[in-house]
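Visitor: coords please:
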Amino acid sequence: MTHLHDNVKHDGNSGLEWKSEPANLRRRRPLQKTAPSAASIPKLSTKAAPPDSETAKKSKNYRFISLALLTALSFASRLYKVDEPKWVCWDETHFGKMASWYINRTFFFDVHPPLGKLSISLVGYLTGYNGSFAWDAPGDPFEDHSYVGMRAYCAVLGALLVPLVFETVLSLSGSVRAASMAGACVLFDTGMITLTRYILLDAPLLFCIMATVWTFVGSWPHAHKDHPTWKWWMWCGGCGVFLSCAISVKFVGLFVVGWVGLVTAIRLGFLWAKHSHTPLTAIVKAVLHRGACLIALPVFLYFCYFAVHLRVLKFTGIGDGFYSSAFQSVLLGNPLNNATMPGEVAYGAMIALKNTKGNGAYLHSHPHPYPLEQSPRGNLQQQVTCYTHKDDHNIWQIRKIDDAGVIAVTSDVQLIQHGDLVRLTHITTGRNLHSHKVSAPITKIQFQVTGYGFNGSGDVNDLWQVDIENGRPHQPIQTMITHFRLVHYATKCILQSGTKQLPTWAFNQLEVTCNPRSKKTDYDSQLFHVEWIYFPLLPNITFSSHTPSFLSRFIESHQVMLKGNSQLKAREQDEPTASRPWQWPINLRGQFFSGGKLRIYLLGNPLVWWGNIVVWFLYGALEVFAGIRRKRAVGKGIDDSIKRALESFLPPCRWMFLGWAVHYLPFFAMGRILYYHHYFPAHLFACMLTGLVVECYTRLVCLLCRRSFLQAAIRMGISFLFFSGLACSFYLFYPLVYGMTGPFGDRPESPLHRLRWLRSWEF
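Guide: Residues are numbered from 1 along each chain as shown. This is a model prediction of the structure:
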């Protein structure tokens, strides 16, 4: 039994079939030879059903009114006071700064792909932002700088989530009420509103994920058995476009790629199993069609986004030290751009050594000793680290082992060759690169590397042997080209640039060790090359011939981004804001977006989030109930109506539950630092599942009633309780979205004290 307003044509259940005939013909049951008894089916109504055209018209009007109302409220709630607070909030300090760099075309390093930042930058440029604001820290006032356009852009993308959720659930179930419930969960969620009102990547990411789901589901009714229609190409092509956008905003967009791939594979498997007579060529064609839209098109567009990114950022800037010397050589203003230097390395040259394939950092030292607990016998030796930025403290002089003091430049030029013993002296402090059998600060199984001696004087532990990669006897070191290792002469350990960050006493720079037990996995971290050299006795040459291609820059960009993501570990100052995945669904703790006079706190609407948890159990009960019914093989009278209701809603519920799991469970395997906002893509699927499950239970309860007025009362009652409950909960917690003033919620005199239902809520 369906309500008048829910008779909307849908394909949520028939999505597992090719459309070889109209859906209503497939579902039509054979005529019974004998009329069923009056007791076998409930008497639903004594009134005649309205004409089909009138039913369709009322359903269409109900759908339009519901969608329009939800969309209007969504835009109003997201854009209300979008200019407040009038200062930098939370991670706006990062992404606003990146918008400035894009507008100024200054290269920078970030662990995320470029599309989200590019779009925010474009909107900022078009709305009058000139890229001159510093974005130094949260709380910095914007003053006269134009920032509202970028916030409004993110808010509009967040507002569009509600109609996208509505249309997706409507396509899956055909129920306007289920779609309205799912949309209301997103509309009234305080956390979703807060997250999408600021200059962050979350609004573009959530929009692209939801648009992907909407277009993917929209393609299902148009998947014909023999050939795809133009509507299918339009919907499936749109899905491919949004897939490329999702992964181009953040790498977690890969989760929706995985979901689309899983659902496509499952649906094709069902199709093949159900239509066993279908020739293999038809299946292959179906796979190729989907591969073109869902794989080839997104990959092509992904390359295009990166081409724009690399074309726009043409000037050198902060973070280019993470990239190879060849990569830096194409950036205007970089010392390596059109650089002329000696092509070979000689004794007495001043050089900068850069790790080649590991962390890409420079060998660095500074006039600060290791702490006492890191120093043997109280001998405080100088710190040696790896640093990802260009700095005067990255410069070393490479010297012969019998030199005393800083050598003078003479006409006796001797090139450094494979197998030579050398001493490296730090230019700004005069200390020698040194190692000894003392455990490294973090990697205890390896040896410590220090700066030792003074003005070049030292001991045998300052000697290093040059080991060129695949080197030949007497092979010289070539600038920017030759990759080599430095082997410690006394202990035979190998200098290694690590990925572990040292504590604050070393300014959170990267650890350098000497590895006595080298493995193949350590090899990349042990390779160095000479990126910069000063030696006037050798002729300078140009390195323009080593300019990398777009493909090599594309590959290197991903290597650096993935390495940067893997190094995002929780630091001491991050601990208060970091969280674990098990805390997210239960809404255990939120996160401050703004402090000061107007406080903003990211926290989901408790009724929405805790209601989603209840729905998981209700959905599990539906699956158990359906499984028992399949075992009993019942299907007459009211049992047949129950079967149809379950068949209409359980398949869409399974897709949504799978989407929630794919977007949530992988975080348990991640070692990087995690935040509360990482759960919100999964939360979208949980909200859609809630709308579907609540509507399914509503229909099942209505089937138990014989009177139409009771059915209408049940529908009205459940809808009223659902929507009014969400609205009241939003009314209670809306100050968290638009700004709190006065005492904190943990104080009894605070007006928010009554809302602090959990002690972990810090507002």
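Visitor: check contacts around the closest residue to residue 350 other than its chain neighbours.
Guide: Counting by C-beta to C-beta, 6 or more residues apart in numbering, residue 350 lies nearest to residue 534, which is 4.5 Å off, once chain neighbours are set aside. The way it works is simple: take the backbone N, C-alpha and C, and place the C-beta from them, glycine included. Counting by C-beta atoms under 8 Å, 6 or more residues apart in numbering, residue 534 touches 341, 349, 350, 351.
Visitor: pull out the buried members of those.
Guide: The neighbour-count criterion (16 or more other C-beta atoms under 10 Å) marks 341, 349, 351 among those as buried.
Visitor: pLDDT and distance to residue 328 added to these, as JSON lines?
Guide: Shown next, in JSON lines, are those (pLDDT from 0 to 100; distance: C-beta to C-beta, whole Å):
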{"residue": "341", "pLDDT": "91", "distance to residue 328": "13"}
{"residue": "349", "pLDDT": "94", "distance to residue 328": "20"}
{"residue": "351", "pLDDT": "96", "distance to residue 328": "16"}
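Visitor: closest to residue 610 out of those residues?
Guide: Ranking the buried ones among the contacts of residue 534 by separation from residue 610, with C-beta to C-beta as the measure, puts residue 351 on top at 61.0 Å.
Visitor: checking the closest one next. Helix, strand or coil?
Guide: Put simply, residue 351 is strand when judged by DSSP: H, G, I helix; E, B strand; the rest coil.
Visitor: wait, it touches residue 396, no?
Guide: Yes - the pair formed by residue 351 and residue 396 meets the contact definition of C-beta atoms under 8 Å, at 5.9 Å.
Visitor: ok so, going back, dump the buried ones among the contacts of residue 534 to CSV, plus distance to residue 692.
Guide: Shown next, in CSV, are the buried ones among the contacts of residue 534 (distance: C-beta to C-beta, whole Å):
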residue, distance to residue 692
341, 65
349, 70
351, 64
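Visitor: relative to residue 91, which of those residues is nearest.
Guide: residue 351 (37.9 Å).
Visitor: beta-bridge partners for that closest one, please?
Guide: residue 396, residue 533 (DSSP bridges).
Visitor: contact partners for it?
Guide: Residue 351 sits in contact with 345, 395, 396, 397, 398, 530, 532, 533, 534, where contact means C-beta under 8 Å, 6+ apart.
Visitor: number of residues surrounding the closest residue to residue 542 other than its chain neighbours?
Guide: If the residues on either side of it in the chain are set aside, residue 542 comes closest to residue 340, at 5.3 Å by C-beta to C-beta, 6+ apart. One way to gauge burial is a neighbour count; for residue 340, by other C-beta atoms under 10 Å, it gives 11.
Visitor: can you give me the distance of residue 340 to residue 544?
Guide: Here the criterion is C-beta to C-beta, to the nearest Å. By it, residue 340 lies 10 Å from residue 544.
Visitor: element containing residue 435, please.
Guide: Residue 435 belongs to strand 432-439 when elements are defined using DSSP states H and E.
Visitor: not counting that strand itself, show me its contacts.
Guide: 363, 365, 374, 376, 381, 384, 396, 423-426, 445-453, 456, 458, 461-462, 464, 486, 488, 490-491, 493, 495, 514.
Visitor: same question for stretch 515-527.
Guide: Under the contact criterion C-beta under 8 Å, 6+ apart, stretch 515-527 has outside partners 355-359, 445-447, 469, 483-485, 491-499.
Visitor: looking at those, which are in strands?
Guide: Using DSSP state E, 355, 447, 484, 485, 494, 495, 496, 497, 498, 499 are the members of the contacts of stretch 515-527 that sit in strands.
Visitor: give me the buried subset of the residues you listed.
Guide: With neighbours counted by 16+ other C-beta under 10 Å, the ones in strands among the contacts of stretch 515-527 contain buried members at 355, 447, 484, 485, 494, 495, 496, 497, 498.
Visitor: contact partners for the first one?
Guide: The one in question is residue 355. Under the contact definition (C-beta under 8 Å, 6+ apart), the residues listed for residue 355 are 361, 362, 363, 386, 497, 525, 527, 528.
Visitor: of the contacts of strand 432-439, grab the buried ones for PyMOL.
Guide: The PyMOL selection below is limited to those of the contacts of strand 432-439 classed as buried (16+ other C-beta under 10 Å):
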select buried, resi 363+365+374+381+384+396+423+424+425+426+446+447+448+449+450+451+452+453+456+458+461+462+464+486+488+493+495+514
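Visitor: what stretches of the stretch 1-150 of the chain score poorly on pLDDT?
Guide: Along the stretch 1-150 of the chain, segments meeting pLDDT under 70 span 1-58.
Visitor: so where is the stretch 601-750 of the chain shaky, pLDDT-wise?
Guide: Scanning the stretch 601-750 of the chain for pLDDT under 70 picks out the ranges 633-638.
Visitor: burial count for residue 273?
Guide: A count of nearby residues for residue 273, using other C-beta under 10 Å, gives 9.
Visitor: ok, now residue 594?
Guide: Residues lying near residue 594 (other C-beta under 10 Å) number 23.
Visitor: then residue 640?
Guide: Summarising burial for residue 640: neighbours were counted as other C-beta under 10 Å, giving 14.
Visitor: same deal with residue 721?
Guide: Summarising burial for residue 721: neighbours were counted as other C-beta under 10 Å, giving 10.
Visitor: do the same with residue 508
Guide: Each residue near residue 508 was counted by other C-beta under 10 Å, and the total is 13.
Visitor: how about it, nearest residue that isn't a chain neighbour?
Guide: Nearest residue to residue 508, sequence neighbours excluded (C-beta to C-beta, 6+ apart): residue 501, at 5.1 Å.
Visitor: could you check how far that neighbour is from residue 712?
Guide: Here residue 501 is placed at a distance of 64 Å from residue 712 (C-beta to C-beta).
Visitor: any idea how far stretch 532-539 is from the chain center?
Guide: For stretch 532-539, the distance between its averaged C-alpha position and the chain's averaged C-alpha position is 45 Å (C-alpha atoms, centre = their mean, to the nearest Å).
Visitor: pLDDT averaged over it, what's the number?
Guide: Across stretch 532-539, pLDDT averages out at 92.
Visitor: swap in stretch 433-449?
Guide: Averaging the model's pLDDT scores along stretch 433-449 yields 93.
Visitor: over to stretch 282-291?
Guide: Confidence for stretch 282-291, expressed as mean pLDDT, is 87.
Visitor: and that stretch, what's buried?
Guide: By 16+ other C-beta under 10 Å, the buried positions in stretch 282-291 come out as 282, 286, 289, 290.
Visitor: hmm, back to that, neighbour count: residue 501 and residue 712, which is higher?
Guide: Neighbours per residue (other C-beta under 10 Å) separate residue 501 from residue 712, with residue 501 holding more: 17 against 14.
Visitor: kindly state the beta-bridge partners for that one.
Guide: Residues in a beta bridge with residue 501, per DSSP bridges, are residue 510.
Visitor: just list the residues touching it, thanks.
Guide: Listed by C-beta under 8 Å, 6+ apart, the contact partners of residue 501 are 508, 509, 510, 511, 567, 569, 571.
Visitor: redo that, cut-off 10 Å
Guide: Each residue near residue 501 by C-beta atoms under 10 Å, 6 or more residues apart in numbering is listed here: 385, 442, 507, 508, 509, 510, 511, 567, 569, 571.
Visitor: quick one: contacts for the closest residue to the second one other than its chain neighbours?
Guide: By that I understand residue 442. Excluding the flanking residues, the one nearest residue 442 by C-beta to C-beta, 6+ apart is residue 500, at 4.8 Å. When contacts are counted by C-beta under 10 Å, 6+ apart, residue 500 is found next to 359, 440, 441, 442, 443, 510, 511, 513, 567, 569.
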